[in-house]
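Pasted the sequence and its predicted model underneath.
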Amino acid sequence: MKKMVLGGLCAVLLSAVSTLAQAETIRIANHGQAGIDAMKSTVERIEKKYGVTVEVIEYPAPDKDYLTKLLTELGAGNAPDLFSIPTTAAVADMVEAGYLAPVTKEFKAWDGYANLYDVAKDLAVSPDGETYVMPFMLGIQEIYYRKDVLEKAGISTEQPKTWQELLDRAAEIKQKTGAYGLLFPAGVSWGSGAFDEGFQHLLVGSKTPQLVDADGKLDLNGEGIKDVFNVYKELIDKDLMPTQPLLGPEPWVVPKYQMFPEGKLAATTCGSWCYIFDWGRESKNPIPDVTKVVGTWTVPGQSSGQYVLANLAAPWAVNSKSANTELAIKALMEIGSIETQVSYAARIGNIPASKDAADNAEFQKLTELVPIHAAAGNGVFLKQASGFGTVSEGVARATEALLRKETDAAGAQKILVDYVKETLGDDMVK
């Protein structure tokens, strides 16, 4: 009898050791301390719920360096099971390369799906009709302006209704206050932000409101694109926006973190995070009473319309070569939880993609973000396509030439078109 009991105990012990030896490990790529901290409770929940070990691999912090590292690892077959994608423009290219696992079925069956804003659902759909990412956070971007600076100078704070009204307001600001009137990110040093935080704001209200035509080609020769570059040219030629800082490293530091708080720059594109991290309670150079003295304008269209630009903010995806795709997809759905959304909102300042985040007590404490969350239902976006990452780089190069006054709007458009054709091939461009 004792032998039987001992034998049974040994079998149980061996089984336990075997289970431990075979315990699954999910590898997650993340970057930046804020992002790692935002995921901490989610990592713990995944480990507890699925009995796995989650290994967080820290990649380089700047988005451009992170994406370069991630793409290198994916190409070599060494990438982690789960990872965030720092710019929506890269998603279609990564799908085209076969790097991302489709999650359409699981995503639509997920219990949080119904409560997502429609714009988040739409943004998550790739050109092939499949979903490959968890669209748990939104970047909601507008024009932020120094209400106090304008009011003191007797300048209207009314919403500009057209591009020309916006340019006229910027000129009036420069004339009456000496401050730069408006900043749209531009240049090679700003990387994907030249497209994500600048160019596309104007593009959606132009004569070329989308870059992808019915057959998936990139429409880069449209009149609207030249018109957008002409807005940049006018801002630069009339000295209405600071240019020298944009030609150096970390071009956002001087205009956004120094000039705007000092009132030397009166308006700039920015996102929901700016109220907290750029100029608010988490800023190194905060603006007192920031939500009272800094107002927002939607981005006006060329001749009409008002636009609140919505992007997916660092959506998460599953490596198509994951050793356990099924388990990785389950973990991906946990990243979409309200708890994770609110954690990211608090640490990074983006907007939860779920409507019912508004009922979360912790989110309600983020008073700067609550009204912007409500506005997410009106967000507009650019349809994605393979090659958007190249377009983004082309825009950075074209606006760099404008900053250096080496070309005009037509020349900037040619730089964009030539770069995309050279990189992707003539047949990709309409």
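Nice, thanks for sending it over.

all helices of the stretch 251-400 of the chain, in order?
Per DSSP state H, counting those that start in this stretch, the stretch 251-400 of the chain carries helices over the ranges 260-262, 290-293, 325-335, 338-348, 361-364, 370-375, 388-403.

worst average pLDDT in those helices?
Among those, helix 370-375 carries the lowest mean pLDDT, a mean of 88.

which other residues reach that helix?
Helix 370-375 is contacted from outside by 140, 272, 275, 308, 351-352, 357-358, 363-364, using Cβ atoms under 8 Å, 6 or more residues apart in numbering. From N, CA and C alone the C-beta is placed, and that goes for glycine too.

rerun at 10 Å
Contacts with helix 370-375, where a contact means Cβ atoms under 10 Å, 6 or more residues apart in numbering, come from 117, 138, 140-142, 271-273, 275, 291, 296, 298, 308, 310, 345, 349-355, 357-358, 363-364, 366.

Just the buried ones from those residues, in ChimeraX syntax?
The buried subset of those, as determined by 16 or more other Cβ atoms under 10 Å, is captured in ChimeraX by this line:
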select :117,138,140,141,142,271,272,273,275,296,298,308,310,345,349,350,351,352,353,354,355,357,363,366
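
who wins for proximity to residue 381 among the helices of the stretch 251-400 of the chain?
Distance to residue 381, taken as Cβ to Cβ, is lowest for helix 388-403 among these, at 11.9 Å.

Now do the helix or strand following that closest one and helix 388-403, the angle between them.
Toward the C-terminus, helix 388-403 is succeeded by helix 409-424 as the next helix or strand (DSSP states H and E). In terms of direction (axes from the mean of the first three to the mean of the last three Cα atoms, to 10 degrees), helix 409-424 departs from helix 388-403 by 150 degrees.

What helices and strands are in contact with helix 409-424?
helix 223-237, helix 388-403 (3 or more Cβ pairs under 10 Å, 6 or more residues apart in numbering; DSSP states H and E).

which one of these has the most crowded surroundings?
Across the helices and strands packed on helix 409-424, the average number of neighbours (mean count of other Cβ atoms under 10 Å) peaks for helix 388-403, which reaches a mean of 24.

can you give me the angle that helix makes with helix 223-237?
Per the same axes, to 10 degrees, the angle that helix 388-403 makes with helix 223-237 is 40 degrees.

Let the chain start at 7 from now.
Renumbered: residue one is now 7, and that last one reads helix 394-409.

Got the domain ranges for the chain?
Annotated domains of the chain cover 31-141+317-384, 160-314+390-434 [the TED database].

Distance to residue 153 for those domains - can I get that in JSON lines?
Listed next are the domains of the chain as JSON lines, based on distance: least, Cβ to Cβ, whole Å:
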{"stretch": "domain 31-141+317-384", "distance to residue 153": "15"}
{"stretch": "domain 160-314+390-434", "distance to residue 153": "4"}
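
Show me what counts as buried in stretch 324-331.
Buried positions in stretch 324-331, judged by neighbour count with 16+ other Cβ under 10 Å: 324-326, 328, 331.

cool, stretch 111-130 as well?
Within stretch 111-130, the residues scored as buried using 16+ other Cβ under 10 Å are 112-113, 116, 118-119, 122-123, 125-127, 129-130.

The residue nearest the centre of the chain: what's it in contact with?
The residue lying closest to the centre of the chain (Cα atoms, centre = their mean) is residue 319, at 3.8 Å. Residue 319 makes contact with 90, 92-94, 126, 141-146, 277-279, 350-351, 354-359, according to Cβ under 10 Å, 6+ apart.

how near is it to residue 378?
Applying Cβ to Cβ, to the nearest Å, the value for residue 319 to residue 378 is 12 Å.

With residue 238 instead?
Per Cβ to Cβ, residue 238 is found 26 Å from residue 378.

Likewise for residue 205?
From residue 205 to residue 378 the distance is 22 Å (Cβ to Cβ).

Give me the more crowded residue out of the two.
More crowded of residue 205 and residue 378, by other Cβ atoms under 10 Å: residue 205, with 27 against 22.

Verify the stated contact: the more buried one with residue 398.
Yes - Residue 205 is within contact range of residue 398, at 8.5 Å (criterion: Cβ atoms under 10 Å).

Overlap of the contact sets of those two?
Common neighbours of residue 205 and residue 398 (Cβ under 10 Å, 6+ apart) are residue 199.

For the buried residues of stretch 111-130, work out which two are farthest apart.
Using Cβ to Cβ, the two most remote members of the buried residues of stretch 111-130 are 112 and 125, lying 20.8 Å apart.
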